[in-house]
Structure formats: C-alpha cells, structure tokens
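Enquirer: Below are the sequence and a predicted model; questions follow.
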Amino acid sequence: MQPLRYSVIIPVYNRPDELRELLDSLTRQTLKPYEVLVIEDGSRIKADTVAAQFSEQLNVHYFFKENTGQGFARNYGFERATGDYFVIFDSDALVPPHYFETVEKHLATEWLDAYGGPDAAHPDFTPIQKAISYSMTSPFTTGGIRGSKKNLGGQFHPRSFNMGLSRKVWETIGGYRISRMGEDIEFAIRIIENGFTTGLIHSAFIYHKRRTDFVQFFRQLRFFGRARINISRFYPSQLKLVHTFPALFTLFMLSVPVLALISPLLFWLAVGILVLFSVLILIDATRKEKSLQVGLLSVGAAFVQLAGYGIGFLSEGWKRIREPKTHRETGVNMEYPS
C-alpha cells in the first residue's frame with residue numbers, strides 16, 4: 001500500500017526566517033511530504049525567496065494573497081492542495097525527522113479523519129522559550145489540556161499549530177468559517193459534529209517556538225482569552241466553567257493589594273497561596289527541564305499566561321455582554337495578534 005500523499009499547508013505572516021527553519025526541518029523527513037504550500041498572507045516582509053531556496057529539495061508552491069488572517073489563508077491552501085491528507089503547521093514550528101513516518105504508521109493501523117499532535121521545547125530553545133513551552137503544557141496552568149487525548153467533556157479537538165485532516169473532511173465541511181479569534185476551536189467542533197473521527201497522535205509532536213519574550217507571550221495569551229469568548233458567540237455551550245479559571249486567578253491577584261487594606265489575615269493567606277503555587281511550578285519545571293533558570297522563568301511564564309488569558313477573557317466577555325443580541329452570533333474575524 002502506497003503512503004498517503006501529504007499536503008503541508010503553512011500560512012506565513014512576516015516570518016521569513018522562521019519559515020526557513022520550518023522548511024529545512026521538512027527536508028530532513030524520513031518520509032517526505034508530497035507537497036508544501038506556503039501561503040503568504042499579505043506580509044510586509046515577504047518569504048518568496050525563502051520558499052524558492054527549497055524548490056529542489058521539496059515540492060514547494062508559494063502563493064501571495066491579501067491579508068485575511070491565518071484561518072482563511074489555510075482555506076486558500078486547502079483549495080489548491082492536491083494530496084490525500086492535509087497537514088497544517090504554524091510557521092514557527094520545527095518538525096522532527098520522524099513526524100510523517102509516525103503519522104503514516106498510526107493512520108495505517110488506526111485511521112483518524114483528523115488528528116492533532118503535541119508540542120515540545122527543542123533543546124536549542126532559549127530559556128525563555130523553554131519556560132513558555134513548559135507553561136503552555138503544564139498541569140498547573142490551562143495549557144495542560146493541550147496534551148490530553150480528550151477535550152474537556154468529550155472527543156479530542158485538534159489544534160491547527162500541528163494538525164492533519166483528510167481531504168474528505170475539507171470537502172464535507174468546507175474549511176474555516178472565521179479567520180482568527182478561536183478559528184481552530186470552531187473548526188474542530190464542526191469536524192466532530194459531522195461525525196468524523198479525531199484523536200491525538202502523541203508521538204507526532206513538533207517543536208513550537210511560540211513567542212520569544214514575555215511581552216509577546218502576554219499579547220498572544222490575551223488574544224487566546226478573547227478567542228474563547230468569541231467561540232461562545234457561535235457555540236454558547238462550549239464555554240465551560242474551567243475556561244473561567246484564568247480570569248478568576250487574575251481577579252484574585254488583583255485583589256491581593258485590596259485585601260491588605262481589609263484584613264491582614266486574608267492578605268497573608270492570599271500571598272501564601274500565590275507563593276505555594278509558584279513553588280510547585282518551580283519544582284515541577286526545574287525537574288522536567290533540568291534547569292533552575294528555566295524553572296524560575298517558568299514561574300513568570302505561568303503568571304503571564306494566566307494574567308494574559310484572564311484579561312483577554314474578561315475584556316471580550318464584557319464586550320459580549322454589552323452587545324445587542326442580534327450581533328452575538330456573528331463572531332469576529334481578526335488579523336494576526338501582535
């Protein structure tokens with residue numbers, strides 16, 4: 001039986017250097033993808049010359065389009081892909097050499113109409129990148145669910161930083177309906193609602209570079225918090241109690257100075273809780289990353305993640321509460337987060 005023809009779809013926005021690293025990692029695959037489609041989404045800093053540099057090693061197709069956000073950029077790639085199975089990567093990913101061979105073996109023994117894979121920290125990442133990666137996958141933060149085989153309350157929801165789907169899925173549901181603000185969550189919900197099988201291929205991980213400093217990380221997570229509220233415009237039942245935890249944590253942190261004025265006992269109790277939380281992260285991150293420096297940075301990353309998500313969740317939630325009812329089902333299309 002011939003391997004599936006994998007069409008890799010990569011939306012790019014002002015990241016030629018990261019695209020170069022991603023394409024280089026694809027040249028090292030033990031099972032090469034059938035084709036690679038680079039969708040330049042209205043970038044000011046174009047990556048056409050980068051894509052051209054890999055034309056002899058990969059079957060690369062480069063497209064430039066006006067900026068509409070990465071969800072619609074992926075749709076643009078779907079429409080032009082000729083393979084059997086579509087694989088989506090964010091442009092800030094590095095793909096281990098075994099990736100497609102791992103996916104092929106899994107699909108040959110346990111078919112999935114759509115799959116997702118985890119992310120990990122590459123050994124060459126900076127300490128801050130490793131700390132951010134830890135925070136996004138830690139059981140002490142909301143990121144811990146990213147490596148779980150089931151979504152909260154049901155079937156696994158793939159995320160489009162590392163995701164694959166069969167051509168039949170695309171032909172049936174038609175791709176992304178929104179381009180930012182939770183587009184991958186909405187897409188996964190419709191895949192499942194249409195009866196397709198989804199699952200996590202745990203060994204099909206990528207190295208996800210994410211943001212390189214805490215300011216960028218905060219902006220990204222604030223965007224994620226807003227996205228969760230945006231999804232509730234389409235699917236109110238998808239807003240779970242657990243999604244409010246970062247917002248509650250943020251409000252708790254903001255209340256600590258006020259508690260000092262109200263009750264010294266409550267103030268020191270709150271401080272003790274935050275210290276305990278920090279110590280648990282420090283111990284766990286230091287153990288996993290084998291670095292005290294990364295452990296200390298992971299404490300900061302966790303607070304930035306929860307505060308960023310919480311603030312985004314609260315601000316977009318307040319906006320939604322104030323919206324006219326006739327506008328609550330429209331959703332929001334956004335460009336790339338800054």
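Expert: Thanks, I have the structure now.

Enquirer: Could you tell me how many residues sit around the residue nearest to R28 when sequence neighbours are not counted?
Expert: Nearest-residue entry for R28: P97, 4.8 Å, with adjacent residues in sequence omitted and distances by CB to CB, 6 or more residues apart in numbering. Placement of C-beta: from N, CA and C, glycine included. With neighbours defined by other CB atoms under 10 Å, the count for P97 comes to 14.

Enquirer: which residues does P97 contact?
Expert: For P97, the residues meeting the contact criterion (CB atoms under 8 Å, 6 or more residues apart in numbering) are S25, R28, Q29, T30.

Enquirer: Go through those residues and name the one nearest M253.
Expert: Distance ranking of these against M253, using CB to CB, places S25 first at 38.4 Å.

Enquirer: which ones are touching the closest one?
Expert: Applying CB under 8 Å, 6+ apart, we find S25 in contact with A93, L94, V95, P96, P97.

Enquirer: Of these, which is the most crowded?
Expert: For the contacts of S25, the largest neighbour count, defined by other CB under 10 Å, is 25 neighbours, found at V95.

Enquirer: Output the residue ranges of the helices in the stretch 51-200 of the chain, listed in chain order.
Expert: Secondary structure of the stretch 51-200 of the chain, counting by DSSP state H, counting those that start in this stretch: helices at 70-80, 99-109, 127-136, 167-173, 183-193.

Enquirer: Out of those helices, which is the most enclosed?
Expert: With neighbours defined as mean count of other CB atoms under 10 Å, the helices of the stretch 51-200 of the chain peak in mean count at helix 127-136, which reaches a mean of 25.

Enquirer: contacting residues around the closest residue to A285 other than its chain neighbours?
Expert: Nearest-residue entry for A285: S298, 3.5 Å, with adjacent residues in sequence omitted and distances by CB to CB, 6+ apart. If a contact means CB under 8 Å, 6+ apart, then S298 has A131, Y134, S135, S138, I281, L282, A285, T286, E289 as its contacts.

Enquirer: Including distance to V242, could these go into JSON lines?
Expert: Conversion of the contacts of S298 to JSON lines gives the following (distance: CB to CB, whole Å):
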{"residue": "A131", "distance to V242": "23"}
{"residue": "Y134", "distance to V242": "20"}
{"residue": "S135", "distance to V242": "17"}
{"residue": "S138", "distance to V242": "15"}
{"residue": "I281", "distance to V242": "19"}
{"residue": "L282", "distance to V242": "24"}
{"residue": "A285", "distance to V242": "22"}
{"residue": "T286", "distance to V242": "27"}
{"residue": "E289", "distance to V242": "26"}
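
Enquirer: Check what pLDDT T141 gets.
Expert: Confidence per residue is given as pLDDT, and for T141 that number is 86.

Enquirer: So which residues of this structure form strands?
Expert: Secondary structure of the chain (DSSP state E): strands at 6-12, 35-41, 60-65, 85-89, 93-94, 114-116, 119-120, 162-166, 198-200, 206-208.
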